[in-house]
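Need the 3D shape of this:
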Amino acid sequence: MIGGVKRIMIEATSCGGVVIFRRKILLLYKNIKNKYEGWVLPKGTVEAGETHEETALREVLEESGSKAYIVDYIGRSEYSFTVPEDVVEKEVHWYLMGTDSYYLSLIHISEPTRLGMI
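As a prediction, this is how the structure comes out:
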């Protein structure tokens, strides 16, 4: 209980990629309802029946339009955040990826996003 409110712990797993092309890293610029603004790596939630690798590849494709391939598993990161009345414990599995093209397109994106390579 925090501040008189009973919090439910929710565990969530996401997967994403560090996509490199010609010694540059693919980043997405996100601006969500003017509450969050910044550069992020592509990642997303594991869907039923998916492996972590499949999730990472799908999310990179959906968020950037880049058809990447996995080079190696990098590791995982963990963090938590609160949503109304709940605490989410997030685990993210990261994969090193390559791509054969830098011609990226915004095919399907759920939030406003810009692409960048650093």
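
Let me see the residues that make contact with stretch 7-17.
Contact with stretch 7-17 is made by 1, 26, 41-46, 52-53, 55-57, 59-60, 68, 70, 82, 85-97, as judged by Cβ atoms under 8 Å, 6 or more residues apart in numbering. All C-beta spots, glycine's among them, are computed from the backbone N, C-alpha and C.

Give me the buried subset of those.
Among these, the ones that count as buried by 16 or more other Cβ atoms under 10 Å are 26, 41-44, 46, 52, 55-57, 59-60, 68, 70, 90, 92-95, 97.

Which of those fall in helices?
If you go by DSSP state H, these have His52, Thr55, Ala56, Leu57, Glu59, Val60 in helices.

Now compare those residues and name the two farthest from each other.
His52 and Val60 (12.8 Å; Cβ to Cβ).

still on that earlier bit, ok, the ones in helices among the buried ones among the contacts of stretch 7-17 vs Asn31, which is closest?
Glu59 (18.6 Å).

Excluding covalently adjacent residues, which one is nearest to the closest one?
Gly44 (3.7 Å; Cβ to Cβ, 6 or more residues apart in numbering).

center of this structure, which residue is that?
Closest to where the C-alpha atoms of the chain average out (Cα atoms, centre = their mean) is Lys43, at 1.5 Å.

Is that residue in contact with Ala56, as I believe?
Yes - judged on Cβ atoms under 8 Å, Lys43 makes contact with Ala56 at a distance of 7.5 Å.
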